[in-house]
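# A structural model of the following input is requested.
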Amino acid sequence: MTTSLHPARLGGAALLLAGPTVLAFFSGGYFDQPRLWAALIALLLVAAVAVVAKPPLPRLRRGRAALAGLALLALLTGLSAFWAPSAGPALDDAQRVLLYLATTIAAAAVLRPRPLARAVEPALALGALVVMGYGLSGRLLPGIVHLSHSASSAARLDQPLTYWNADGVLAAMGMTLCARLAGDPTRSLRMRMGAAAAVGPLAAALYLTFSRGALAGLAAGIVLLALLAPDRPQARALALGAAVGGLAMVAAAALPGVRQVDGALHTREGGGLLLLIALILLVGVAAPAQAWMARGELQGRLGLGPLAAGRARLVALALVVLVAGAAAFGVASAEEGPPATGATAQRFRSVQSSRYSYWGVAFGTFADNPLIGSGSGSFRFEWLRRRDIDEPARDAHSLYFETLAELGLAGALALGLYLGGLLACVPDVRRRDPLMVPGLAALLGVWALACTLDWHWEMPAVTLLAIIAAGTLVARADAG
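Numbering: from 1, shown residues only. The predicted structure follows:
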């Protein structure tokens, strides 16, 4: 075994890649005890990295800038306990950012060797499938698998993370990674087949969360994959994934029994059995179809080159998606009546949400405290003071708007330094190791858009996937 694949490095990589999956079964790591244990393990891993990795920190300024931004964000979050209305929430937030900082440092050092970096996509995709498969099992086999659900979920799939939107985003991240693995001709045949087969269950789980933000994130991931890997194998994998995923969602939508959690057991069992059969059939179609395409690429029957459409048309497609999304948000204020809630497809036909009120309060708070904000964790207090609707809220449901409100321009600059450093690493990785960019960047795109619409930053089991992907990009940029 080479020095770069020292057993300690392999063990560290295994801890990193399995961590989000394990944490998902402890309410996503949202609460104190599992989050503290995760942070402790991450800090111990950083200590081990200092011995194993040479050098332990990135050498390039871009990677160091990303780490500096996250470190500054952790410092500001902790210091804000002195001016926040309550120190407890601020310290909780500081612990969470410290977990993310330690994980980024460990990933950037441990995952520097290419074989370990290449393992990131399949490991994270498998983890998402395991977690969402567990949540889906309660709908497919309700007479055998008995999962709890919160009253606030209103029958939306929320296990094991305990928040339906977080489940949806995790499924979207898994689908994006699977689409990339299936479209990467350098992956093994079995891996490409397995990735194509996994799209159906993940798509069914995503639909049953009824998460509009997750669907938007999935669209962003697909567009980014098309832009970053504009070749024929990726286009074929995306087309197959769209067909399989679409059929899985249609099957889930057509079976009322799988949307129920408290209805008659025979109805739920019947719906679950039919959906299970449909998913098995889709797996039985997707895997052989992907195998046929992969063999055709090896034998020369199917092309491997770039798409004839070129990058310009793909950029135009991305702009159309973005403009359509902006138009949807623009007309949201014209809709009347309360937002649709619960396990109903009406949610997908509306962009109404209480988030507009949350964001208004966040901007008002920022206007009053533009430099250092009102303190981390303070939004819940500002909401009670400024709200225009009688609804409880603890978060602004947007990482970027909440950072402005609670940490002001100082926090926004720290977050921007982190994200900007990551973005600056992408061209370096693309020049040196282009196969590493599409899947990891698309995963980060799904997460970044989802964080615009919800509080996924505070759900470690979701955000750690993006943190590990970010650390891998820093590692590969530095490896050259």
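# okay, and the helix or strand of the chain with the least pLDDT?
Using mean pLDDT, DSSP states H and E, helix 310-330 stands out as the lowest-scoring helix or strand of the chain, at a mean of 53.
# need the next SSE after that helix, C-terminal direction.
Next along the chain after helix 310-330, taking DSSP states H and E as the criterion, comes helix 355-368.
# List the buried residues of the following helix or strand past that following helix.
Using DSSP H and E, the helix or strand that follows helix 355-368 in sequence is helix 379-386. Applying a neighbour-count criterion of 16 or more other Cβ atoms under 10 Å, the buried positions in helix 379-386 are Phe379, Phe381, Glu382, Trp383. In short, each C-beta sits where N, CA and C put it, glycine included.
# Which strands or helices does the helix or strand just after helix 379-386 pack on?
With elements assigned by DSSP H and E, the helix or strand that comes after helix 379-386 is helix 399-432. If you count contacts as 3 or more Cβ pairs under 8 Å, 6 or more residues apart in numbering; DSSP states H and E, helix 399-432 packs onto helix 61-79, helix 355-368, helix 379-386, helix 437-453, helix 460-479.
# what about the helices in the stretch 51-200 of the chain?
In the stretch 51-200 of the chain, the segments counted as helices under DSSP state H, counting those that start in this stretch are 61-79, 87-110, 114-118, 120-140, 164-182, 189-209.
# The last one to helix 164-182, inter-axis angle?
Yep, that's helix 189-209 we're talking about. Note on geometry: by axes from the mean of the first three to the mean of the last three Cα atoms, to 10 degrees, helix 189-209 and helix 164-182 are set 160 degrees apart in direction.
# distance between helix 189-209 and the chain's centre?
15 Å (Cα atoms, centre = their mean, to the nearest Å).
# So Leu147 is in contact with Gly135, correct?
Yes: shown here, Leu147 and Gly135 form a contact pair, counting by Cβ atoms under 8 Å, at 7.2 Å.
# Now list whatever residues contact both of these two.
Listed as contacting both Leu147 and Gly135 by Cβ atoms under 8 Å, 6 or more residues apart in numbering are Gln159, Pro160.
# more crowded one of the two?
Applying other Cβ atoms under 10 Å to Leu147 and Gly135 shows that Gly135 carries more neighbours, namely 24 against 16.
# nearest residue to the more buried one other than its sequence neighbours?
For Gly135, ignoring the flanking residues on the chain, the nearest one in space by Cβ to Cβ, 6 or more residues apart in numbering is Gln159 at 4.5 Å.
# Next, count neighbours for that neighbour.
Here the number of neighbours of Gln159 (other Cβ under 10 Å) works out to 25.
# One more: the one 3 residues further on?
Residues contacting Thr162 under the criterion other Cβ under 10 Å number 20.
# Could you tell me what pLDDT the model assigned to it?
Per-residue confidence (pLDDT) for Thr162: 94.
# same question, Ala345
For Ala345, pLDDT reads 61.
# do the same with Ala332
40.
# ok, the residue most central in space within the chain to Val285 distance?
The centroid of the chain falls nearest to Trp447 when counting by Cα atoms, centre = their mean (4.1 Å). To Val285, Trp447 is 30 Å away according to Cβ to Cβ, to the nearest Å.
# ditto for Ala171
20 Å.
# do Val120 as well
Looking at Val120 against Val285, where the rule is Cβ to Cβ, the gap reads 28 Å.
# now Leu298
21 Å.
# do the same with Leu279
Counting by Cβ to Cβ - Leu279 and Val285 are separated by 11 Å.
# So these two - more neighbours on which side?
Leu279 (22 against 17).
# give me the low-pLDDT residue ranges for the stretch 201-350 of the chain?
When residues are selected by pLDDT under 70, those of the stretch 201-350 of the chain lie in 308-350.
# before we move on, back to that, tell me which of the helices and strands packed on helix 399-432 sits most buried.
Highest mean neighbour count of the helices and strands packed on helix 399-432: helix 460-479, a mean of 28 (counted as mean count of other Cβ atoms under 10 Å).
# name the helices or strands packed onto that one?
helix 7-24, helix 61-79, helix 87-110, helix 114-118, helix 120-140, helix 164-182, helix 399-432, helix 437-453.
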